[in-house]
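Novice: coords below, sequence missing:
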């Protein structure tokens, strides 16, 4: 077993099982959605670099935190800035991330600029001794991603990459099951992200179109495999504690024949160590199934759908004591056990159904992890090193789709 | 191979988009006048994404929504985003102007209660619930229309559940958007057509089949309002949220205290079969259903 993630290598899977098997019932209880409140004497003063759709989502979530005051927003597009200013009227508006950072008065910056424009504001923010939350993938090239990770290493400030599965309580809970004996040996991995949308950003004049529709620009975009798939590949990295050894892929324009060359429908196949295959597809032509990941093990399969998770047990898998509490859901001919944090406590109150789903958007948990790291010194849910490795895999997947060739993911590619 | 602009929802002269949100089907028609189809579709998708995001924040049936969090933490101050703050502020405005007939927050007896709003935060009274369904579609349309206008859209028609609508500019044939008020014909007269240009519309009525499980509850009593008829309000663009509340209040026979803002909105209202002012509500307790 090749384990290229240093944070995972200290504990082998069998060792983990040995430590946790005797307390499996507790595993169902331990991860909790009711987290202790953050402690902050003064609200953190934060700014957002880039207020497109993602930046606007950040505004909405940040406004729900007592520990934060959104004091600045920045975007080079005047219309976006005006629109965002309406949502954050007390925030000072800047025409560039650099101007916002240089103006001072910030404790932290959320970088939500286009992926290929992450590096400059991250480096500038770290130079200004600010904490940084960087959207994922953290860059469009390995060179930029490595530079970001190295700048983060050289800084004593908190840097978190926005791979959100790692801060999602449903995913944390499911991972405890996966890392126990409940799923057993992985057989196959599968994921998809389907959404019927053009993936365009409104922009009428050519200059704005070039700047805002960077996702459709093959010069700078990692395409669906990098921008969407990268988040889902990282689920498998995190669960398995391993990175894929090679990736194949392909794609085509199936629906949006509007002059784009970036495929609107793509697929990737990855080989994880031990020959475990991962199949992923993404499309902008159909929304069925939306977004999920499935890990098929020899005892059970786990399906993860961001706000919800389920475990589908094999008939010959051993029964666990906690299963008497389980909430179950039928999917055609399969019965899934709903993965619920605080399940035992809720069951004792007769409120098990209340625990289905998350009480917040997954972005909220990513922000919470970042704030907790700043205020309480905890490790951010996705460190810059992990963000670099996940981004490096996303870049390899994008290369495979673009070239149609098999890309080997070498240890060098995963080294910061 | 089909193209997005040739999809089943599109015509050659317009982009049509739809989504399911807030228990209703939202649709928008965007005439192509001067736009490339792909650009206009992107603008519309942005507005659709906004509506879907608001749905996730405002649904009381979704555990992850902000409304659910406010109810869970009733009695405590809860920080909210600016759009939710706008929604809740409007709900309080509507509660005051309707004399309490409309209220988003209500106690265990179903009667409306006041929310404590401070900039960027809300506190719901202990044990109170929150249902913004009466105005959420309208506010979502107001915000979506703003989003479209931010990107330079000068003509569009949006509706949510065929009961709330917003019209930007002129419609086909350079004429105002025309909407028929179904069910508003009186004594055999034809149902009236409303012409909308930079205007909003809200209709509140209860289909006979829905009586007893109605969504129109008189929050003065906590009982289903006596809804024998219907009300419709047309006003200036940007007032769809307020129109929702006003139509609800009028449909159950409650009054509405006009203010300077109402005069600026320039309301036109229709009521049909509303039989009493300040109706006490039916004797049947309100039963709420997921809609």
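Specialist: Looks like it came in fine. These numbers come from a predicted model, not from an experiment.

Novice: backbone torsions only: list them for residue A:267.
Specialist: Main-chain dihedrals, residue A:267, degrees, to the nearest 10: phi -140, psi 150.

Novice: er, residue A:406 actually
Specialist: According to degrees, to the nearest 10, residue A:406 has phi -80, psi 130.

Novice: roughly how far does it sit from residue A:269?
Specialist: Noted for residue A:406: a distance of 9 Å to residue A:269, by CB to CB, to the nearest Å. Where you see a C-beta, it was placed from the backbone N, CA and C, and this is true even at glycine.

Novice: for the chain, name the helix or strand with the lowest mean pLDDT.
Specialist: Defaulting to chain A. helix A:24-29 (a mean of 32; mean pLDDT, DSSP states H and E).

Novice: let me rephrase: I mean chain B.
Specialist: strand B:223-224 (a mean of 78).

Novice: ends of stretch A:348-363, how far apart?
Specialist: One end of stretch A:348-363 sits 30 Å from the other (CA to CA, to the nearest Å).

Novice: just the mean pLDDT for it, thanks.
Specialist: Averaging pLDDT along stretch A:348-363 yields 75.

Novice: kindly report the same for stretch B:269-284.
Specialist: Stretch B:269-284 shows a mean pLDDT of 54.

Novice: what do you get for stretch A:264-277?
Specialist: Here the average pLDDT along stretch A:264-277 is 98.

Novice: quick one: residue B:121 from residue B:79, how far?
Specialist: Distance from residue B:121 to residue B:79, by CB to CB: 5 Å.

Novice: which residue ranges of chain B form helices?
Specialist: B:37-58, B:66-72, B:82-97, B:133-150, B:240-251, B:260-265 (DSSP state H).

Novice: deepest in the core, which of those helices is it.
Specialist: Mean neighbours per residue, mean count of other CB atoms under 10 Å in any protein chain shown, is largest over these for helix B:240-251, with a mean of 29.

Novice: hang on, the earlier thing: which among the helices of chain B is found nearest to chain A?
Specialist: Proximity to chain A (CB to the nearest CB) singles out helix B:37-58 among those, at 3.6 Å.

Novice: could you list the low-pLDDT ranges of chain B?
Specialist: Chain B contains residues with pLDDT under 70 at B:1-11, B:206-215, B:225-229, B:274-291.

Novice: interface residues of it facing chain A?
Specialist: B:1-4, B:35-39, B:41-43, B:45-46, B:49, B:53, B:56-57, B:62-64, B:66, B:68-69, B:72, B:78-83, B:120, B:146-147, B:150-152 (CB under 8 Å from any CB of the partner chain).

Novice: can you do 7 Å?
Specialist: B:1-4, B:38-39, B:41-43, B:45-46, B:49, B:56, B:63-64, B:66, B:68-69, B:79-83, B:120, B:150-152 (CB under 7 Å from any CB of the partner chain).

Novice: just for chain A, where's the confidence low?
Specialist: For chain A (pLDDT under 70), the answer is A:1-40, A:342-347, A:349, A:351-355.

Novice: just after the least confident helix or strand of chain A, pick out the following helix or strand.
Specialist: Next helix or strand after helix A:24-29 toward the C-terminus (DSSP states H and E): strand A:44-49.

Novice: give me the helices and strands touching whichever helix or strand comes after that following strand, please.
Specialist: Downstream of strand A:44-49, the first helix or strand assigned by DSSP H and E is helix A:53-62. The helices and strands touching helix A:53-62, judged by 3 or more CB pairs under 7 Å, 6 or more residues apart in numbering or on different chains; DSSP states H and E, are strand A:44-49, strand A:68-74, helix A:78-87, helix A:362-376.

Novice: nearest to chain B, of those?
Specialist: Smallest distance to chain B across the helices and strands packed on helix A:53-62 (CB to the nearest CB): 4.8 Å, for helix A:78-87.

Novice: okay, the helices and strands packed on helix A:53-62 in CSV with mean neighbour count next?
Specialist: Below are the helices and strands packed on helix A:53-62 laid out as CSV (neighbours: other CB atoms under 10 Å in any protein chain shown):
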stretch, mean neighbour count
strand A:44-49, 25
strand A:68-74, 24
helix A:78-87, 17
helix A:362-376, 21
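
Novice: looks to me like residue A:360 is in a helix.
Specialist: No. Per DSSP: H, G, I helix; E, B strand; the rest coil, residue A:360 lies outside any helix segment and is coil.

Novice: how about the residue nearest to it when sequence neighbours are not counted, what does it touch?
Specialist: Distance criterion CB to CB, 6 or more residues apart in numbering or on different chains; nearest residue to residue A:360, sequence neighbours excluded, is residue B:64 at 5.8 Å. Shown in contact with residue B:64 (CB atoms under 7 Å, 6 or more residues apart in numbering or on different chains): A:307, A:357, A:358, A:359, A:360, A:361, B:56.

Novice: and those residues, which two are furthest apart?
Specialist: The span of the contacts of residue B:64, defined through CB to CB, is set by A:359 and B:56 at 12.2 Å.

Novice: just the helices in the stretch 301-416 of chain A please.
Specialist: A:343-348, A:362-376, A:384-403 (DSSP state H, counting those that start in this stretch).

Novice: any chance of the ones you listed in JSON lines, plus distance to chain B?
Specialist: Formatted as JSON lines, these follow (distance: least, CB to the nearest CB, whole Å):
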{"stretch": "helix A:343-348", "distance to chain B": "12"}
{"stretch": "helix A:362-376", "distance to chain B": "9"}
{"stretch": "helix A:384-403", "distance to chain B": "20"}
